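Engineer: here is the input, now give the coordinates:
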Amino acid sequence: MRMSLAQRVLLTWLFTLLFLIMLVLKLDEKAPWNWFLIFIPVWIFDTILLVMLIVKMAGRCKSGFDPRNGSQNLKKKTWYLIAMLLKLAFCLALCAKLQRFTAMKLAYVFIPLWALLIGGMVELGYNIFYVRRD
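Structural biologist: Residues are numbered from 1 along each chain as shown. Just a heads-up that it's a prediction; the model follows:
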């Protein structure tokens, strides 16, 4: 099952729009919903991405796959998996803080996001300045 670029963009916009509508309703105090409910569109979208990523990574385990062809691809997919898990950790910590389930300092809530941003900058720098030597 492959999605076209237009379908992926439409799905991304749909989930973003749902999240923003729910967030505005919560911030305007029109809806007394739990913060975990507000983030449901984000988590559904992340779950779809995680499943697609895990399925692509698991495809390397089938017979006849040459591991020398995709070592760079596996590193990239591993980084994507780590990035998704860091984003999930940030969203869960933020919801727990906003819902007052924990007395965690706000600086601790943002640690996964900071790690994600630093990792993204390292990945960007690596992709820009990496010179392939054959």
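Engineer: from I54, how far off is the residue most central in space within the chain?
Structural biologist: For the chain, the residue lying nearest the average C-alpha position, counting by C-alpha atoms, centre = their mean, turns out to be M84 (3.3 Å). Between M84 and I54 the distance is 10 Å, computed by C-beta to C-beta, to the nearest Å. (Glycine included, C-beta is placed from N, CA and C.)
Engineer: try R8
Structural biologist: Using C-beta to C-beta, we find R8 at a distance of 17 Å from I54.
Engineer: please name the residues that touch the nearest residue to C91 once chain neighbours are set aside.
Structural biologist: For C91, ignoring the flanking residues on the chain, the nearest one in space by C-beta to C-beta, 6 or more residues apart in numbering is F39 at 5.6 Å. F39 makes contacts with F19, C91, C95, as judged by C-beta atoms under 8 Å, 6 or more residues apart in numbering.
Engineer: out of these, which one sits closest to F45?
Structural biologist: Closest approach between the contacts of F39 and F45, by C-beta to C-beta: F19, at 8.4 Å.
Engineer: in which helix or strand does the closest one reside?
Structural biologist: helix 5-27 (DSSP states H and E).
Engineer: residues of that helix that come out buried?
Structural biologist: Under the neighbour-count criterion of 16 or more other C-beta atoms under 10 Å, helix 5-27 has F15, F19, M22, L23, K26 buried.
Engineer: for the next helix or strand after it, packing partners?
Structural biologist: Tracing the chain past helix 5-27, the next element assigned as helix or strand by DSSP H and E is helix 35-38. Secondary-structure packing of helix 35-38 (3 or more C-beta pairs under 8 Å, 6 or more residues apart in numbering; DSSP states H and E): helix 5-27, helix 71-98.
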